[in-house]
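J.: coordinates for the following, if possible.
(2 chains)
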Amino acid sequence: MPGGRIVFDHVWKRFHRGPAHDSLRDLLPALVRRARPGGGAEETLGSGDFWAVRDLSFEVTPGQALGIIGGNGAGKSTTLKLLTRILQPTRGFALVEGRVGSLIEVSAGFHPDLTGRENVFLQGAIMGMPQRLIRERFDEIVDFSGVSESIDTPVKRYSSGMNARLGFSIAVHLEPEALIIDEVLSVGDASFQNRAFERIRSIVRSDIPVVIVSHQLDRIVELCTSTILLSHGAQVFAGPSAEAVGLYLRGEQSEDGALTGAHSDVPIRFTGLEALSPVPVLSGESLRLRIGTHALRSVPDDTYKLEVNVYDVATNRRVYQIHLAKLDLHPTGPGDRSDTIVVQMNLPAGLYRFEAMTWDVVAMRRAAAGPSLMVQVEDRVELIGTHQLNARRDA
Amino acid sequence: MSVSHAEPALPRDRPRPGVLREMFNAHELLGQLIKRDLRLRYRQAVMGFAWAILMPALTIGAGLVIRSVMAQGASGEDVPSIGGITIKSWAWAFFAGGMNFGTTSLLGNISLVTKIYFPREVLPAAAIATQGVDSLLSLALILLAGPWLGFHWSVQLLWMPLLILVLAVFTTGLAFLFACANLFFRDVKYILQVLLTFGVLLTPVFVEPAMAPRLTGRLLMLNPLGPILEGMRLTLVSGGSIGHTIYNAHGVPVWTPWHLVYSMIFAAAIFVIGISAFRRTASMFAEYY
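T.: Numbering: from 1, shown residues only, chains lettered A, B, ... in the order given. Have a look, this model is predicted:
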């Protein structure tokens, strides 16, 4: 199966805020201008217009999976619609080569009055799947969805979960040459979600280009070879998925107001946070972390302390906090130093984010957040006992 | 790292494949949509396929009432023939049905249009094709009733496929135009209702232009549907060759081959305009509906 290719070349997309058109008087000239061959779209912002996507460029080749993350309104959905050719770029050029499978709105083509069987053929056709292939895969599709008993019932009698499962099942059996996935990693009940995720993982591992948009950031890190972080339609970071996710989560926190206080007052700067032992880590094993700091002046023991917070990326909740209270920071004066800590990771499998932080002892609040580090934990054996994280200073 | 910021060497403008090529690629989707529309039209309808007969039957009934009114005080030959009214009502029903379903096809499937990419042309095309299947079914029934309707079975019947084709081309072009217009301006479907309601009076469905005053008759034949419908009547009922000029009993020409040529050119022009307007605006459907 030849893989396709996905290219975004300086893509801009303009939207209009407010009513679609103020009057026929405005719309008619716009239509004429647009309809003129080669006339193209007006490429500037009028009143009430805004750029939903600004100057976005990337290329995804077969075997790669690109994640796209960002807050609400960052332009993720618009990017997806540009990728699936539902929208046309205002400026620039978007190309998706090959038969595109999209795990977006997987049951959009369903008609409530038609049976599940009829809808499989209809939805498949809408997604561009040859009827021959649907006939071949029909049993597989129905088995995977788990609705075989109701396959000859009109889908209006289905539960919403059954609907979504059948739609998802059709979409993943498409044999696409390029795949675009939007937030469908949470379809159906827990057991279906696992099956769905395994299926997606095997498609992503196959030799086709994949683009994934999701708020399930741990999944993004697990599936994507690289990730783009969007904010207000523009790319703010492109690179390794863990880094992109870390950046996004820290951005979220500072927007929440968790990081307050004048950072320039804090006499300690972080120069690095890195893992000295190999990641991913198996549950129960230890991880050696190096924290680099630079002091601007002497920092007495009772003014600032270091902390490392550990967040579960799937929920973005802080699950552990490592106090390094006994750490003499920089009592003597300005200079660099490096501390190593050993953390025994008695944690369930998942993706964790370590974030170094300075704590203002006097004011009793966070002073400044430092760099963060993504650590993947993998299950080796069934853990018995309580989850915990034991940290100590390395001798 | 897979994110590359190098300028990809690609053509700026991605040409869309030709309409026929794209329609061929989407022929399976077209087939599925026709199947869906036919199933939906008849599945939950108590009368099922009887509707395909009932609607034309009602139109013909209305025509018969008009005919009996016109027959008051008219000499025998000035009364429209039952067969003529039947076949012309049938053609009008196809046109009206195709326009109705075709015009609403885009907006009726807007949730699909805004969520999944596929050639948008298949939506109005499927609507018209569904109406076509319906109409062919009732045409078969009408032809079966031919002996009672006074149809002439002659070699002239070979004109019928051409006339039906011209009708289909005209209806398709106009429906594509209305379908995309309806997406941008919601009043289009009301305009269509007005056009269809009064159009039946401005089209020679229940009357024959030759029976109308001279100017009115000419105007009726200026309506591009006029020659198509009259051509069907002359072919089926009179058994005349519409390849030649036809005179009525008073020696007045009621038909010339130019009438047909006029309709063919008109239909072809509407088809080209409708399809190209649709294709030019297709990329904006999801954004501006």
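J.: show me the helices in the stretch 151-289 of chain B, by range?
T.: Along the stretch 151-289 of chain B, counting by DSSP state H, counting those that start in this stretch, helices occupy B:159-184, B:188-202, B:214-222, B:225-233, B:257-281, B:285-288.
J.: I'd like the mean pLDDT over the shortest one, please.
T.: Meaning helix B:285-288. Averaging pLDDT along helix B:285-288 yields 81.
J.: give me the helices and strands touching that helix, please.
T.: Other helices and strands packing on helix B:285-288, by 3 or more C-beta pairs under 8 Å, 6 or more residues apart in numbering or on different chains; DSSP states H and E, are helix B:159-184. Any C-beta I mention is one placed from the backbone N, CA and C, and that applies to glycine too.
J.: can you list the buried residues in the helix it packs on?
T.: Residues of helix B:159-184 classed as buried by neighbour count (16 or more other C-beta atoms under 10 Å in any protein chain shown): B:159-160, B:163-164, B:166-184.
J.: repeat for stretch A:97-112
T.: A:98-111.
J.: low-scoring stretches of the stretch 51-200 of chain A, by residue?
T.: The model of the stretch 51-200 of chain A has pLDDT under 70 over residues A:184-186.
J.: how about the residues of it near chain B?
T.: A:57-61, A:64, A:66, A:81, A:84-88, A:93, A:95, A:100, A:102, A:104-105, A:108-109, A:111, A:113-114, A:118, A:121-122, A:125-128, A:130-131 (C-beta under 8 Å from any C-beta of the partner chain).
J.: mind checking which of those are in strands?
T.: A:57-60, A:66, A:93, A:95, A:100, A:102 (DSSP state E).
J.: report the buried members of the residues you listed.
T.: Of these, these count as buried by 16+ other C-beta under 10 Å: A:57-60, A:66, A:93, A:95, A:100, A:102.
J.: residue A:308: neighbour count?
T.: Residue A:308 has 23 neighbours, counted by other C-beta atoms under 10 Å in any protein chain shown.
J.: hmm, I was thinking of residue A:297
T.: Residues near residue A:297, counting by other C-beta under 10 Å: 10.
J.: and it, helix, strand or coil?
T.: Put simply, residue A:297 is coil when judged by DSSP: H, G, I helix; E, B strand; the rest coil.
J.: and the nearest residue to it once chain neighbours are set aside, what pLDDT?
T.: Excluding the flanking residues, the one nearest residue A:297 by C-beta to C-beta, 6 or more residues apart in numbering or on different chains is residue A:267, at 5.1 Å. At residue A:267, the pLDDT value in this model is 79.
J.: against residue A:299, how distant is residue A:267?
T.: Residue A:267 is 5 Å from residue A:299, where distance means C-beta to C-beta, to the nearest Å.
J.: between those two, who's got more neighbours?
T.: Between residue A:267 and residue A:299, counted using other C-beta under 10 Å, residue A:299 has the larger neighbour count: 22 against 18.
J.: so the more buried one sits right up against residue A:269, yeah?
T.: No. If you go by C-beta atoms under 8 Å, residue A:299 and residue A:269 don't touch, sitting 11.2 Å apart.
J.: for chain B, what's the nearest residue on the stretch 201-350 of chain A?
T.: Using C-beta to the nearest C-beta, residue A:238 is the residue of the stretch 201-350 of chain A that sits closest to chain B, at 4.2 Å.
J.: any idea how far that residue lies from residue A:205?
T.: 22 Å.
J.: so between the two, which is more surrounded?
T.: The neighbour comparison of residue A:238 against residue A:205 (other C-beta under 10 Å) goes to residue A:238, with 22 against 12.
J.: now that one, what's its secondary structure?
T.: strand.
J.: got any ranges where the stretch 1-150 of chain B has weak pLDDT?
T.: Low-confidence segments of the stretch 1-150 of chain B (pLDDT under 70): B:1-23, B:44-49, B:52, B:56, B:73-79.
J.: quick one, helices of it?
T.: Counting by DSSP H, counting those that start in this stretch, the helices of the stretch 1-150 of chain B are B:19-25, B:27-43, B:50-71, B:82-108, B:110-113, B:122-144, B:146-149.
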